[in-house]
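S.K.: return a 3D structure for these sequence lines:
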Amino acid sequence: MPTALITGASSGIGLAFAGRLAADGYDVVLVARDRERLEALAATLRAERGVTADVLVADLSDREQRRPVEQRLEQGVDLLVNNAGYATPGDFTETPPEVLAANLEVNVGAVLALTRAALPGMQQRRSGAIVNVSSVAGFLPGRGSVYGAGKAYVTTLSESLAVSAAAHGVRVMALCPGYTKTEFHQRIGQQRSGPAFLWMDAERVVADALADLERGRVLSIPGAVYKGVYAITRIVPPSLVRRLAARSASGRG
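M.R.: Residues are numbered from 1 along each chain as shown. Coordinates of the predicted model:
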């Protein structure tokens with residue numbers, strides 16, 4: 001069976017990836033901080049899907065805790081899903097430096113380190129894929145948060161690596177969802193806002209992502225609304241995009 005390692009697997013998009021990939025016949029390695037949730041998920045996947053489900057508990061903001069995850073990737077997996085990530089509420093200047101640094105380690109540092117751990121073996125075997133979960137927020141200047149800046153990095157890194165990895169038979173893709181029904185906003189003390197049509201189910205995001213990965217796409221943007229948002233950012237002058245973004249206040253960016 002192929003093996004997938006998924007970070008942030010205890011909830012949201014990561015949880016949806018774990019369920020879908022196990023249903024597709026992948027053995028899974030589940031990574032997150034919450035041991036209780038991971039163990040419960042692993043037991044469910046073993047019982048319902050008949051797959052091997054291993055648990056790695058790690059706070060990816062801590063480089064020492066991250067090392068066992070890197071070592072597992074160096075042993076070889078067929079698919080890496082870098083999903084772990086979060087936002088910080090409040091303005092940049094009002095957020096403690098250590099909070100910003102921890103956010104950077106998870107959203108950027110962990111993606112870089114885990115991709116670096118997985119990619120050489122994949123290229124040597126001439127097979128494998130990496131999905132880096134970014135965000136539509138990376139295409140837009142956000143207010144008060146470093147979230148969008150980190151996601152812009154993840155998207156650009158993925159696009160750059162996709163070019164070189166393709167020559168070795170490996171796919172790299174950035175998944176850029178918009179608003180998704182997860183615990184994301186709850187964790188930073190925000191209510192879900194905006195009309196219902198802006199909100200997507202995590203399972204739909206994952207289904208679209210895997211379909212796009214199969215098609216060989218480098219960018220996956222689930223949902224017609226968010227494809228439209230992306231298209232607008234490509235053709236509208238940056239100064240106008242900044243003015244529009246300045247009118248919305250969201251800790252997510």
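
S.K.: what sits against the spatially closest residue to residue 171 that is not a sequence neighbour?
M.R.: In this structure, residue 171 finds its nearest non-sequential neighbour in residue 129, 4.2 Å apart by CB to CB, 6 or more residues apart in numbering. The C-beta positions use only the backbone N, C-alpha and C, and glycine is treated the same way. Counting by CB atoms under 8 Å, 6 or more residues apart in numbering, residue 129 makes contact with 78, 79, 80, 122, 170, 171, 172, 173, 213.

S.K.: try 10 Å this time
M.R.: 2, 4, 77-81, 118, 122, 165, 169-173, 210, 213-214 (CB atoms under 10 Å, 6 or more residues apart in numbering).

S.K.: identify the bridge partners of it.
M.R.: With DSSP bridges as the criterion, residue 129 is bridged to residue 79, residue 171.

S.K.: do you know the pLDDT at it?
M.R.: We have a pLDDT of 98 for residue 129.

S.K.: that one and residue 6, how far apart?
M.R.: In this view, residue 129 and residue 6 are 13 Å apart by CB to CB, to the nearest Å.

S.K.: now do the shared contacts for those two.
M.R.: In terms of CB under 10 Å, 6+ apart, residue 129 and residue 6 are both contacted by the residues 77, 79, 80, 81.

S.K.: tally of neighbours for the second one?
M.R.: Using other CB atoms under 10 Å as the criterion, residue 79 is surrounded by 23 other residues.

S.K.: surely it meets residue 1?
M.R.: No - here residue 79 does not reach residue 1: they are 11.6 Å apart, not a contact under CB atoms under 10 Å.

S.K.: list residues touching both of these two?
M.R.: Common neighbours of residue 79 and residue 1 (criterion: CB under 10 Å, 6+ apart): 24, 26, 28.

S.K.: are any of these buried, and which?
M.R.: 26, 28 (16 or more other CB atoms under 10 Å).

S.K.: which of the shared contacts of residue 79 and residue 1 lies closest to residue 38?
M.R.: Checking these against residue 38 with CB to CB, the nearest one is residue 28 at 10.5 Å.

S.K.: can you give me how far the helix or strand hosting that closest one is from the chain middle?
M.R.: Residue 28 is located in strand 27-32, with elements delineated by DSSP states H and E. Centroid separation between strand 27-32 and its chain, computed with CA atoms, centre = their mean, to the nearest Å, is 14 Å.

S.K.: give me every residue that touches the residue nearest the centre of the chain.
M.R.: Using CA atoms, centre = their mean, the residue of the chain that lies closest to the mean C-alpha position is residue 133, 2.2 Å off. Counting by CB under 10 Å, 6+ apart, residue 133 makes contact with 6-8, 12-14, 17, 81-85, 107, 111, 151, 154, 158, 173-177, 205-206, 209, 220.
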